[in-house]
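Trainee: here is a sequence together with a model predicted from it:
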Amino acid sequence: MSGFLKAKAEAVTAWVFRQPRGLNAILVVLAVVYILSPIDLIPDFLIGPGQCDDAVAAWFGWQNLKAMVRRSGGVTVTAIAVEDANAR
């Protein structure tokens, strides 16, 4: 079963990284709105499944955010640490 889920996660990730930058931004905002919204596909009072839909939305939003940062040529954390060390 985990091989099936891993294959699906890789397929979604590949789809996310092929989308235009503007669409990634919209999907990140939609994921945040869905997580913060009191209206869910699966109500949160159902322990387990209720939190899983929020977790999937958070993961999907995170993948889109990573795609946006990767396309923008974002600075890595190690590069920031090196710059700070050289500034002293």
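Mentor: That came in fine, so what should we check first?

Trainee: report the longest helix in this structure, please.
Mentor: When secondary structure is assigned using DSSP state H, the longest helix within the chain turns out to be helix 49-72.

Trainee: please enumerate the helices of the chain.
Mentor: In the chain, the segments counted as helices under DSSP H are 2-17, 21-36, 49-72, 77-87.

Trainee: okay, those in TSV with distance to I42 next?
Mentor: In this view, the C-beta of every residue, glycine as well, is placed from N, C-alpha and C. TSV is the format used below for those (distance: least, Cβ to Cβ, whole Å):
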stretch	distance to I42
helix 2-17	18
helix 21-36	12
helix 49-72	5
helix 77-87	35
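
Trainee: any buried residues in the longest helix of the chain, and which?
Mentor: Neighbour-count burial for helix 49-72, with 16 or more other Cβ atoms under 10 Å as criterion, is recorded at 53-54, 57, 60-61, 63-68.

Trainee: one step back: could the helices of the chain go into JSON lines alongside distance to P43 and mean pLDDT?
Mentor: Converted to JSON lines, those look like this (distance: least, Cβ to Cβ, whole Å; pLDDT from 0 to 100):
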{"stretch": "helix 2-17", "distance to P43": "23", "mean pLDDT": "71"}
{"stretch": "helix 21-36", "distance to P43": "14", "mean pLDDT": "84"}
{"stretch": "helix 49-72", "distance to P43": "5", "mean pLDDT": "84"}
{"stretch": "helix 77-87", "distance to P43": "38", "mean pLDDT": "50"}
